[in-house]
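A.B. asks: Curious how this folds, go ahead:
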Amino acid sequence: MQTQFREASFLTASQNLKSHSALNLQRLDDKELVDMYISGSEDCLEVLIERHKNLLFGFIMKRARNQDLSEDVFQETWFKVIRCLKAGKYNEQDKFMAWVMRIARNLIIDHFRYTSRH
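C.D. replies: As a prediction, this is how the structure comes out:
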């Protein structure tokens, strides 16, 4: 019984620490989150995606005009962002969301080019 109580207390403390840490990450700007993600803090990417998901999805949907295509492009955009960040291809002089939206725009253009040829 005592062991179960300690485990429950530890889990509660761990969850509180994680939610406190997430609140601190929310306070950081995009540049700080990107730098921390590149340094290995995976939670920072989750904060960036959550922070910008509505803006990015709206941007994609406006251009793609198709829910399924928009969801695919949204997901592929974040995959490409992850690959570029991990490969060191992000130029910090660019604003993060402008860069992400440019990636999404290019993926949409590529999709329509491909479908018009086939």
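
A.B. asks: I would like the residues contacting the helix or strand hosting residue 80, please.
C.D. replies: According to DSSP states H and E, residue 80 maps onto helix 67-86. The contact list for helix 67-86, computed with C-beta atoms under 8 Å, 6 or more residues apart in numbering, reads 34, 37-38, 45, 49, 53, 56-57, 60-61, 64, 90, 100, 103-104, 107-108, 111. (C-beta placed from N, C-alpha, C; glycine too.)

A.B. asks: CA atoms of it as CSV?
C.D. replies: Extracted in CSV, the C-alpha atoms of helix 67-86 (Å, rounded to 0.1, in the frame of the first residue of the first chain):
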residue,chain,number,x,y,z
GLN,A,67,-9.6,18.8,-46.9
ASP,A,68,-7.7,15.6,-47.6
LEU,A,69,-5.0,17.3,-49.7
SER,A,70,-4.7,20.0,-47.0
GLU,A,71,-4.2,17.4,-44.3
ASP,A,72,-1.6,15.6,-46.4
VAL,A,73,0.3,18.9,-47.1
PHE,A,74,0.1,19.9,-43.5
GLN,A,75,1.7,16.7,-42.4
GLU,A,76,4.3,16.7,-45.1
THR,A,77,5.2,20.3,-44.3
TRP,A,78,6.0,19.4,-40.7
PHE,A,79,8.0,16.3,-41.9
LYS,A,80,10.0,18.5,-44.1
VAL,A,81,10.5,21.1,-41.4
ILE,A,82,11.8,18.3,-39.1
ARG,A,83,14.2,17.0,-41.8
CYS,A,84,15.5,20.5,-42.6
LEU,A,85,16.0,21.5,-38.9
LYS,A,86,17.8,18.2,-38.1
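
A.B. asks: which other helices and strands contact the helix or strand following that helix?
C.D. replies: Downstream of helix 67-86, the first helix or strand assigned by DSSP H and E is helix 96-117. Other helices and strands packing on helix 96-117, by 3 or more C-beta pairs under 8 Å, 6 or more residues apart in numbering; DSSP states H and E, are helix 30-38, helix 43-64, helix 67-86.

A.B. asks: Cool, thanks, talk later.
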